[in-house]
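1. With the sequence up front, the predicted model follows.
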Amino acid sequence: MRHGQDALHGVMDYLFVGAIEWSKAAGFKSIDLGMTPLAGLSASRYAPLLSKLGATLYEGGEDFYGFKGLRSYKSKFAPTWRPVFIVAPGHVSLPLALANAALLTSGGFLGLLGAR
């Protein structure tokens, strides 16, 4: 989901509602709006370090990536939120697996930096 500064207000809503209506007419029972990265991670005293780091990035990383804005936007469609887990072989470090997932979902280094 991307937008330009000159995009008309409400265009994304129109596109999503159109896709939802098409899906319903085609017989689909549900749709997937995708993930909201880092939402719901705990920063509690007993949370793992990576969870705390992710929660901190979610809270303070709006300039880097619109974490809260994305969740807020998707919330207007009343989704059922479900956690998603990343699994990697034992010989792959979790930060490396997360970095690879970020690169895949953002369109590479330029997409990750918002330069695409």
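-> Looks like it came in fine. Numbers count the residues shown, from 1 in each chain.
2. can you give me the helices in this structure?
-> 11-25, 49-60, 67-75, 94-106, 109-112 (DSSP state H).
3. Could you tell me the least trusted of these?
-> With a mean of 68, helix 109-112 has the lowest mean pLDDT of the helices of the chain.
4. Roughly how far does Leu15 sit from Lys68?
-> 21 Å (C-beta to C-beta, to the nearest Å). Glycine gets a C-beta too; all of them are placed from N, C-alpha and C.
5. Please say which of these two ends up with more neighbours.
-> Lys68 (15 against 11; other C-beta atoms under 10 Å).
6. Quick check: the more buried one touching Gly60?
-> No: between Lys68 and Gly60 there is no contact under C-beta atoms under 8 Å: 10.1 Å.
7. can you list the domain ranges for this structure.
-> Domain assignment for the chain by automatic domain parsing gives 1-31, 35-81, 85-116.
8. for those domains, which one ends up most surrounded?
-> domain 35-81 (a mean of 14; mean count of other C-beta atoms under 10 Å).
9. Look up phi and psi at the residue nearest the centre of the chain.
-> By C-alpha atoms, centre = their mean, the chain has its centre lying nearest to Thr36, at 2.9 Å. In terms of degrees, to the nearest 10, the main-chain angles of Thr36 are phi -120, psi 90.
10. what's the closest non-adjacent residue to it?
-> Arg71 (4.1 Å; C-beta to C-beta, 6 or more residues apart in numbering).
11. do the same with Lys76
-> Using C-beta to C-beta, 6+ apart, the closest residue to Lys76 is Asp13 (7.9 Å).
12. For the one you found, give its distance to Gly27.
-> 23 Å.
13. hmm, back to that, out of the helices of the chain, which gets nearest to Pro83?
-> Judged by C-beta to C-beta, the one of the helices of the chain that comes nearest to Pro83 is helix 49-60, at 11.8 Å.
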